[in-house]
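A.B. asks: Build me a model from this:
(2 chains)
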2 protein chains.
Amino acid sequence: MPVETIKWERGAVKLIDQTLLPHKVKFITCRDVRTLWRAIRTLQVRGAPAIGIAGGLGVVLGIKDSRAGTSRKLIQEVKKTAGYLASSRPTAVNLFWALERMEKVAEDNSKRPPYEIKKILLKEALRIIDHDKKSCRAMARRGAGLIRSGDTVLTHCNAGGLATADYGTALGVLFEAKKQGKKIKVYADETRPLLQGARLTAWELMHEGIDTTVICDNMAASVMASGKIDKIFVGADRIALNGDAANKIGTYSLAVLAKYHRIPFYMVAPVSSFDLRLKSGKNIPIEERPADEVRTVLGKQVTPKKAKVYNPAFDVTPGELVTAFVTERGIFRPPFARSLRKLT
Amino acid sequence: MPVETIKWERGAVKLIDQTLLPHKVKFITCRDVRTLWRAIRTLQVRGAPAIGIAGGLGVVLGIKDSRAGTSRKLIQEVKKTAGYLASSRPTAVNLFWALERMEKVAEDNSKRPPYEIKKILLKEALRIIDHDKKSCRAMARRGAGLIRSGDTVLTHCNAGGLATADYGTALGVLFEAKKQGKKIKVYADETRPLLQGARLTAWELMHEGIDTTVICDNMAASVMASGKIDKIFVGADRIALNGDAANKIGTYSLAVLAKYHRIPFYMVAPVSSFDLRLKSGKNIPIEERPADEVRTVLGKQVTPKKAKVYNPAFDVTPGELVTAFVTERGIFRPPFARSLRKLT
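C.D. replies: Next up, the predicted model:
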């Protein structure tokens, strides 16, 4: 992993500003919840596991200076902070998973005095980070078993160290395969509108010395047709019981193309990205982001100024197009409605 | 058609610089072949029919000041100029079609004196423009019959007035449908790397008052899955006898997605875009363009500076994914190896 994406440091959340990468490596310090909320909203920190971590730390930020005299009052503040953070981004379930976990820990300790609950919450937030690190390594080990030396892998968006507290999800698999001495090549979709593939994934892979080729999203089909791609590995932001999975816009496109070209399509995600209360992907809320993300590229206007645009940040890949899910608890194959039940 | 894309004016080729659109409407004047060659190469003029026209006018530019004392010498210069212009871009066949037409006219008139051959060549180049204008209108009329009021159409790259001397190919169909009073909506892929969809297609469609929504290329699948798209209309740069068709990179991706979503996929192109000497698309040369087109967007660096990229300008859509070709001589349906024979 090239950098530490997000951490707790001297009473504040320190994170690398991903909107400036790869040209500028700059860390920002969030000393209050509002700043952190904005960091999540504007994608200074992004990636499903990383925003889960941000959520956990955000709760700590929100209550650390609380003067609540009773535990009941403090727990109310925890819930208010969690509710506020939950409004930052709607699709990745890890955020809600982390916030619920923080709320539960507070409630489970409601008999303790406020200063103790504060300590317990910080410990829990740090445990989420630790849990994510271990999950990354476990997913990487399991996923690397699917890679043969000589494989060329296609990936989309950024499912790397920057999306997590450690190794990444889909990219973790590739880092681990490389570490095991397997020879791999990677094609990285640039991933419009915000170019996380071109900016972040290429940066991470090149940093690890992996042979990386950046393509525009619309070139993926042509590269597949030419026989260059052996496997596709991507992350996931929210997975329903039947295997329907929300991930960065364009993932669904790749999944359809993979099926047409008979290329295995793997999604790598920690258990915290599974929302098994949802029977299908139909009810996953899809975030629509500002029109100017499409109208401009890094501040440069590309469309006519008043052009109408559509800017969904995610799409849903139906489970029937997914070859398998790689998680820290194993590799899950269809039929998902049965296999994924083990995770509930 | 919003502007006159390319024309002959006072002994020079005048064309709109498409690399500056939509923010700046600037015409450039090419007084010599080298300037015109560069205009084709750098996409100041682009679109298969338009570069055919540029080729024809380019031959005139190349010989208009010739001091060749004999017809034989002049015809040699015509061939040299044509050979030079042919090296500007390799994929669209219209360029070669126009250059061959110019060479043939020169040879057919080899008995005439040089000054007469010069006049005949100019007349022929203007005839190519006129021919393109008529073809556009004929394609538009035939294609509009495929559109119902209420349809939402997806298009890719720019197959509009800017790609031709008149109405456009795929967009011509939409302009004509609108003129006939049909209500239509259009989704336009932005078309990375050079964003002809975002910059040119959106500009043309908005100018004609057509309800247009720009999307990133990787959003097309999601828009199709949502049921929003009734039909897809795109252009084509070179079509082989079996219906395999080269067009802007990303077209093949759309064709696969269209098949998966059972959406009709139409390609609109004049007969001059058909290269029926080719039995299949396998032998269509695919232009690879400079890496910096992918590494940057309108001059802004998006990847790490030394990132390796792959930048094919075209892909080949297999004939089996094409619902029909709309040409000025009719609508051609599968099996293409039989139906397209009528065009030979």
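
A.B. asks: And the most far-flung residue of chain A relative to its centre, its phi and psi?
C.D. replies: Going by CA atoms, centre = their mean, the residue of chain A most distant from its centre is residue A:69, 36.8 Å out. Residue A:69 adopts backbone torsions of phi -80, psi -20, taken as degrees, to the nearest 10.

A.B. asks: Who are the contact partners of it?
C.D. replies: residue A:114 (CB atoms under 8 Å, 6 or more residues apart in numbering or on different chains). No exception for glycine: its C-beta is placed from N, CA and C like everyone else's.

A.B. asks: How much space separates it from residue A:115?
C.D. replies: Distance, residue A:69 to residue A:115, by CB to CB, to the nearest Å: 11 Å.

A.B. asks: what's the answer for residue A:316, then?
C.D. replies: Applying CB to CB to residue A:316 and residue A:115 gives a distance of 44 Å.

A.B. asks: Tally up the residues packed near residue A:110, please.
C.D. replies: 12 (other CB atoms under 10 Å in any protein chain shown).

A.B. asks: Same check on residue A:306?
C.D. replies: Neighbour tally, residue A:306, other CB under 10 Å: 9.

A.B. asks: Distance check, it against residue A:252.
C.D. replies: For residue A:306 relative to residue A:252 (CB to CB), the value is 29 Å.

A.B. asks: same question, residue A:272
C.D. replies: Taken as CB to CB, the span from residue A:272 to residue A:252 is 22 Å.

A.B. asks: got it, and residue A:328?
C.D. replies: For residue A:328, the distance to residue A:252 equals 25 Å [CB to CB].

A.B. asks: more crowded one of these two?
C.D. replies: With neighbours defined as other CB under 10 Å, residue A:328 and residue A:252 compare such that residue A:252 has more, 26 against 21.

A.B. asks: Surely the more buried one and residue B:221 touch.
C.D. replies: Yes: between residue A:252 and residue B:221 there is a contact under CB atoms under 8 Å: 5.1 Å.

A.B. asks: Find residues that contact each of the two.
C.D. replies: residue A:315.

A.B. asks: so residue A:228 touches residue A:215, yeah?
C.D. replies: No: using CB under 8 Å, residue A:228 is not in contact with residue A:215, being 10.2 Å away.

A.B. asks: if you count what's nearby, which of the two comes out ahead?
C.D. replies: residue A:215 (24 against 14).

A.B. asks: residue contacts, that one?
C.D. replies: Contacts for residue A:215 (CB under 8 Å, 6+ apart) come out as A:187, A:188, A:189, A:190, A:223, B:294, B:309, B:310, B:311.

A.B. asks: Please apply the same query to residue A:233.
C.D. replies: Residue A:233 touches A:143, A:153, A:154, A:155, A:159, A:170, A:171, A:173, A:174, A:266, A:267, A:268, counting by CB under 8 Å, 6+ apart.

A.B. asks: From residue A:326, how far out is the residue nearest to the fifth one when sequence neighbours are not counted?
C.D. replies: Nearest in space to residue A:159, with sequence neighbours left out and distances taken as CB to CB, 6 or more residues apart in numbering or on different chains, is residue A:235 at 3.1 Å. Using CB to CB, one obtains 10 Å as the distance from residue A:235 to residue A:326.

A.B. asks: Could you do residue A:160 as well?
C.D. replies: Taken as CB to CB, the span from residue A:160 to residue A:326 is 15 Å.

A.B. asks: more crowded one of these two?
C.D. replies: The neighbour comparison of residue A:160 against residue A:326 (other CB under 10 Å) goes to residue A:160, with 32 against 29.

A.B. asks: And the pLDDT at that one?
C.D. replies: With respect to pLDDT, residue A:160 scores 96.

A.B. asks: Contact partners for it?
C.D. replies: Listed by CB under 8 Å, 6+ apart, the contact set of residue A:160 reads A:1, A:47, A:168, A:169, A:170, A:171, A:172, A:200, A:201, A:204, A:205.

A.B. asks: How about residue A:146, nearest residue that isn't a chain neighbour?
C.D. replies: Nearest non-adjacent residue to residue A:146 (CB to CB, 6+ apart): residue A:266, at 6.5 Å.

A.B. asks: Just name whatever secondary elements the helix or strand where the one you found lies is in contact with.
C.D. replies: Assessed by DSSP states H and E, residue A:266 sits inside strand A:265-268. Helices and strands touching strand A:265-268, by 3 or more CB pairs under 8 Å, 6 or more residues apart in numbering or on different chains; DSSP states H and E, are helix A:114-144, helix A:170-179, strand A:231-234, helix A:251-260, strand A:324-327.

A.B. asks: what's the host helix or strand of residue A:202 in contact with?
C.D. replies: If you go by DSSP H and E, residue A:202 is part of helix A:202-207. Applying CB under 8 Å, 6+ apart, the contact partners of helix A:202-207 are A:1-2, A:21-22, A:158, A:160-162, A:168, A:171, A:174, A:186, A:188, A:212, A:214, B:303-304, B:306-307.

A.B. asks: Where helices are concerned, which of the residues you listed count?
C.D. replies: A:171, A:174 (DSSP state H).
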